[in-house]
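*Asks:* coordinates only, no sequence provided:
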């Protein structure tokens, strides 16, 4: 087995812990699940615009998380990040929300590594340390490209790990390009990233080095739709070809078809459009209609356009649970669901495609 195959890193999707996202994971084929290493982000509490207050208390927001995690993901490995708005809230017994979440996940035998970002507070770091000392399997350090370019953060990472008593060999480094990153020209970005990684002490002792981001811009799509390049994936393929010899534990991550940020919108004032987002090779194929609530039946037309596209975009009904949903809707075999239904279908299809692409990039003819 070559160096590339022996150091193969599973695909790391950054997934918001919301119903459309975790339901997509639940229904995936087992072979696809086995090649995922998801980074789950626990979202902030939603705001009730009608009542002008948060919909739940912090404890209510996370009290069912561990049992859902067990049901939806089980005992496979993952990473867990918690939105900073929750870090200083407490449950009734005095534990912070991060302490409570990590304790509860361990109680259901969750196999996870908490994720730290550069601006996270001391109480969160303390919760991560408690988890590590209680038998944790590691940590993740999630850092932006700008933060990686600051030499003081190189020292901060090692100081953090020393404080946690967690070795670099149990640490995943996630370089998060986030939204709106410029991946071109590829050669220049590759040179810059390679140079920055080379400056980080003990870089090849890390358990993995993930490069994650997204170039999807759904807010730019007008009716009837558009095609967008998956610049983050195109960039990663070039990066992988150029630097895996120097950094063999390299892995790919993205935000599936979601945005990195959490938006808080008054849905009473919004009329989200019907849309279908489909990942195909190095592109996103996006079909867009009018207001979803005004006419849910238009999803049948959008699905039919994809299934019968002259460019043969559609991978086929058996490809993923998302593809089956799209095919059945195009045939009129099922209902048109709600907006979450089509988010789930798009995420399911995207996860399946990227698992296959990532395996192929690492030299596998079939899934590992």
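*Replies:* Thanks, I have the structure now. These figures come from a predicted structure and were not determined experimentally.

*Asks:* mind listing residues that contact stretch 296-309?
*Replies:* By Cβ atoms under 8 Å, 6 or more residues apart in numbering, the residues outside stretch 296-309 that reach it are 274-276, 278, 285, 287-290, 292, 313-314, 326-327, 329-330, 332, 336-338, 342. Every C-beta, even on glycine, is put in place using the N, C-alpha and C of the backbone.

*Asks:* over to stretch 328-343?
*Replies:* The set of residues external to stretch 328-343 that reach it, using Cβ under 8 Å, 6+ apart, is 19-21, 23-24, 257-258, 272, 274-276, 292, 296-300, 303-304, 306-308, 317, 325.

*Asks:* so for it, what gets flagged as buried?
*Replies:* Along stretch 328-343, the positions that meet the burial threshold by neighbour count (16 or more other Cβ atoms under 10 Å) are 329-330, 336-337, 339, 341-343.

*Asks:* just stretch 244-254 next, same as before
*Replies:* Along stretch 244-254, the positions that meet the burial threshold by neighbour count (16+ other Cβ under 10 Å) are 244, 247-254.

*Asks:* does residue 240 touch residue 251 like I think?
*Replies:* No - assessed by Cβ atoms under 8 Å, residue 240 is found out of contact with residue 251, at 9.3 Å.

*Asks:* could you check how far residue 308 is from residue 330?
*Replies:* Separation of residue 308 from residue 330 (Cβ to Cβ, to the nearest Å): 8 Å.

*Asks:* ugh, wrong one, residue 212
*Replies:* If you measure residue 212 against residue 330 using Cβ to Cβ, the figure is 32 Å.

*Asks:* same deal with residue 64?
*Replies:* Taken as Cβ to Cβ, the spacing of residue 64 relative to residue 330 amounts to 35 Å.

*Asks:* repeat for residue 130
*Replies:* 51 Å.

*Asks:* same thing with residue 67?
*Replies:* When distance is defined by Cβ to Cβ, residue 67 is 36 Å away from residue 330.

*Asks:* quick revisit: now, the contacts of stretch 328-343 that are in strands?
*Replies:* Among the contacts of stretch 328-343, the members found in strands (DSSP state E) are 274-276.

*Asks:* closest one to residue 178 out of those, please.
*Replies:* Of all the ones in strands among the contacts of stretch 328-343, residue 275 has the smallest distance to residue 178: 22.3 Å, by Cβ to Cβ.

*Asks:* what's across from that closest one in the sheet?
*Replies:* The residues paired with residue 275 through beta bridges, assigned by DSSP bridges, are residue 288.

*Asks:* how many residues are close by it?
*Replies:* Summarising burial for residue 275: neighbours were counted as other Cβ atoms under 10 Å, giving 22.

*Asks:* residue 135 too?
*Replies:* Residue 135: 7 neighbours (other Cβ under 10 Å).

*Asks:* so the closest residue to it other than its chain neighbours, which of the three states?
*Replies:* Take residue 135 and drop its neighbours on the chain: the residue closest to it by Cβ to Cβ, 6 or more residues apart in numbering is residue 106, 7.4 Å away. Using DSSP: H, G, I helix; E, B strand; the rest coil as the criterion, the local structure at residue 106 reads helix.

*Asks:* what is the neighbour count of residue 106?
*Replies:* Burial measure for residue 106: 16 neighbouring residues, criterion other Cβ under 10 Å.

*Asks:* isn't it up against residue 130?
*Replies:* No - in this structure residue 106 lies outside contact range of residue 130 using Cβ under 8 Å: 10.3 Å.

*Asks:* for the host helix or strand of residue 67, which outside residues touch it?
*Replies:* Element membership for residue 67 (DSSP states H and E) is helix 65-72. Contacts made with helix 65-72 from outside it, assessed by Cβ under 8 Å, 6+ apart, are listed as 17, 22-23, 25-26, 40, 42, 101, 104-105, 107-110.

*Asks:* same check on stretch 94-108?
*Replies:* 42, 58-59, 62, 65-67, 69-70, 80, 82, 86-91, 112, 114, 123-124, 127-128, 130-131, 134-136.

*Asks:* in ChimeraX, how would I select just the buried ones from those residues?
*Replies:* Only the buried entries of the contacts of stretch 94-108 go into this ChimeraX selection, using 16+ other Cβ under 10 Å:
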select :42,58,62,65,66,69,70,80,82,86,87,89,91,112,114,124,127,128,130,131,136
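
*Asks:* what segments of the stretch 201-350 of the chain are helices?
*Replies:* Residue ranges of the helices in the stretch 201-350 of the chain, as given by DSSP state H, counting those that start in this stretch, are 231-243, 298-307, 321-330, 339-361.

*Asks:* the closest residue to residue 207 other than its chain neighbours: helix or strand, and which one exactly?
*Replies:* The shortest distance from residue 207 to any non-neighbouring residue, by Cβ to Cβ, 6+ apart, is to residue 172 (5.3 Å). Taking DSSP H and E as the definition, one finds residue 172 inside strand 171-179.

*Asks:* buried ones in the next helix or strand after that strand?
*Replies:* The C-terminal neighbour of strand 171-179 among helices and strands, as given by DSSP H and E, is helix 186-199. Going by neighbour count (16+ other Cβ under 10 Å), the buried part of helix 186-199 is 186, 189-190, 193, 196-197.

*Asks:* next one: stretch 209-221
*Replies:* Using 16+ other Cβ under 10 Å as the test for burial, stretch 209-221 gives 209-216, 218, 221.
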